[in-house]
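1. compute the structure for the input listed below.
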Amino acid sequence: MPIASAHATLRDATQRGYAVGHFNLNHMESMRAYLLGAEEARSPVILAVSRGPAAYMGGYRTVLTTVEGFMGYLGITVPVVLHVDHGSYDEALAGLDAGFKSVMFDGSALPFEENLDKAARLVERCRQHGATLECEVGSIGGEEDGVTGRGELADLEQCRRLAALGIDMLAAGIGNVHGQYPAGWRGLDFERLADVAHATQGTPLVLHGGSGVPEEMVRRAIELGVRKVNVNTECLVAFTAAVRRYVEAGRDREGKGYLPQALLADGLEAAKRVAMEKMALFGSAGKA
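-> Residues are numbered from 1 along each chain as shown. This is a model prediction of the structure:
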């Protein structure tokens, strides 16, 4: 099955009331973990890459061809979307040119009119490529891949104007934070989320910073129109903890335990397990 745009996946999620998990690629093991997890769970999945990991893995085209290669080798049959995460205008274009069928343009740090203008231009480019476009308004709190958000609540009129361009997904600040949530976090603002959903008239909404959000909050967000939930930190923490246990137990000194495929195998399984738990939580398991 070829890599897809998110059009059909988002449409099905909207019709059946679930959300699709977006999992960030950071290395080869993450590709295997999320593809194998999605296949086992019979879940559609969105694999995303941001600027730092993309550069680490050889650029957008290398990431795309590697994911395609793994899909064929592993016999993946569920829908897989490959997505540029938190891209600048130029990075979104680079992703499209490399063959990605879904991109995010994060113009939330720009003056709103500039954000709107660049989003409008990307809507047209994405249509030409048969790709889906995600945009952001109301900067998400925390830091991801060098992008630091202010943690604003999304302005409803700005949400309405962005959605009116015909974008496919909207990431709106509702109290969510990238990375690990700080002590004293007040939780998601469901009143603002409901207002955003009303203002955007059915545009699929995206919950960034999905790691560590209590399950009942995630379910409520999906009920209110979230159709894509981004998870990265939780998987990375599980991966690292599993590799640490392997080394601390001295297993890397047993036989050929020093080989990368042995050293990282427990981490791969840990990340896969977290991803599958999220797929079940989001309601996407069994939907492919």
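2. packing partners for the lengthiest strand in the chain?
-> Secondary structure of the chain per DSSP state E: the longest strand is strand 80-87. Using 3 or more C-beta pairs under 8 Å, 6 or more residues apart in numbering; DSSP states H and E as the contact definition, the elements that strand 80-87 packs against are strand 20-24, strand 45-49, helix 51-56, helix 60-74, helix 89-98, strand 102-105, strand 132-137. The C-beta positions use only the backbone N, C-alpha and C, and glycine is treated the same way.
3. can you list these in a markdown table and add mean neighbour count, mean pLDDT and distance to Lys256?
-> Shown next, in a markdown table, are those (neighbours: other C-beta atoms under 10 Å; pLDDT from 0 to 100; distance: least, C-beta to C-beta, whole Å):
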| stretch | mean neighbour count | mean pLDDT | distance to Lys256 |
| --- | --- | --- | --- |
| strand 20-24 | 28 | 98 | 29 |
| strand 45-49 | 27 | 98 | 30 |
| helix 51-56 | 16 | 96 | 26 |
| helix 60-74 | 16 | 97 | 23 |
| helix 89-98 | 20 | 98 | 36 |
| strand 102-105 | 29 | 98 | 39 |
| strand 132-137 | 28 | 96 | 43 |
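4. possible to save the ones you listed as JSON lines with distance to Arg227?
-> Output for the helices and strands packed on strand 80-87, formatted as JSON lines (distance: least, C-beta to C-beta, whole Å):
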{"stretch": "strand 20-24", "distance to Arg227": "7"}
{"stretch": "strand 45-49", "distance to Arg227": "10"}
{"stretch": "helix 51-56", "distance to Arg227": "24"}
{"stretch": "helix 60-74", "distance to Arg227": "22"}
{"stretch": "helix 89-98", "distance to Arg227": "20"}
{"stretch": "strand 102-105", "distance to Arg227": "13"}
{"stretch": "strand 132-137", "distance to Arg227": "11"}
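5. closest one to Ala241 among these?
-> strand 20-24 (17.2 Å; C-beta to C-beta).
6. note down every partner strand of that closest one and its orientation.
-> Each strand paired with strand 20-24, and its direction, by DSSP bridges: strand 45-49 (parallel), strand 226-231 (parallel).
7. okay, these in a markdown table with distance to Ala280 next?
-> Below are the strands paired with strand 20-24 laid out as a markdown table (distance: least, C-beta to C-beta, whole Å):
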| stretch | distance to Ala280 |
| --- | --- |
| strand 45-49 | 13 |
| strand 226-231 | 12 |
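8. who wins for proximity to Ala262 among the ones you listed?
-> So among these, strand 45-49 is nearest, using C-beta to C-beta, at 24.5 Å.
9. list the contacts for Ala199?
-> Leu156, Glu157, Cys159, Arg160, Ala163 (C-beta atoms under 8 Å, 6 or more residues apart in numbering).
10. now it: how far from Glu29?
-> 40 Å (C-beta to C-beta, to the nearest Å).
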